[in-house]
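A.B. asks: Output the structure for:
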Amino acid sequence: MIKTRRIATATYDANYNDFVLLLMHNPDISMQQDTTGVDLILAGHTHGGQITFFGWAFYLYLGRITDYNLRFAYGWARSGDDVPVYVTRGLGRYGVPRIFARPQVVIFTMRSV
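C.D. replies: Now for the predicted structure:
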């Protein structure tokens, strides 16, 4: 596993026809760096907002977890280069307990076409 914060470094050896799956902790990086050589990005980091009010993750608007408000709360989003990004709510928490932000395990089944 490559531990890097530079997407270009992580995908350097990928060939044009390769399926490139990028795993990242913080989905904000997908808005700040070039993702054009990536096919799918899986991320976490936001914990689904960790504290929600009837499903609304108001905690994400404080700017301490993400710079993109609800864009990366959980579920499907797009990178700055329009690459699909899936953000899981994950299992953990940071500091305070989860409040109405249920933990989540996601299972993807990948098939070649």
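A.B. asks: What segments of the protein are helices?
C.D. replies: For the chain, the helices defined by DSSP state H occupy 7-10, 29-32.
A.B. asks: what is the mean pLDDT for the first one?
C.D. replies: When pLDDT is averaged over helix 7-10, the result is 88.
A.B. asks: And for the last one?
C.D. replies: pLDDT averaged over helix 29-32 equals 92, rounded to a whole number.
A.B. asks: Return the residues in contact with the residue lying closest to Ala8 once chain neighbours are set aside.
C.D. replies: Of all residues not flanking Ala8 in the chain, Asp34 sits nearest, at 6.4 Å (CB to CB, 6 or more residues apart in numbering). All C-beta spots, glycine's among them, are computed from the backbone N, C-alpha and C. When contacts are counted by CB atoms under 8 Å, 6 or more residues apart in numbering, Asp34 touches Ile7, Ala8, Asp81.
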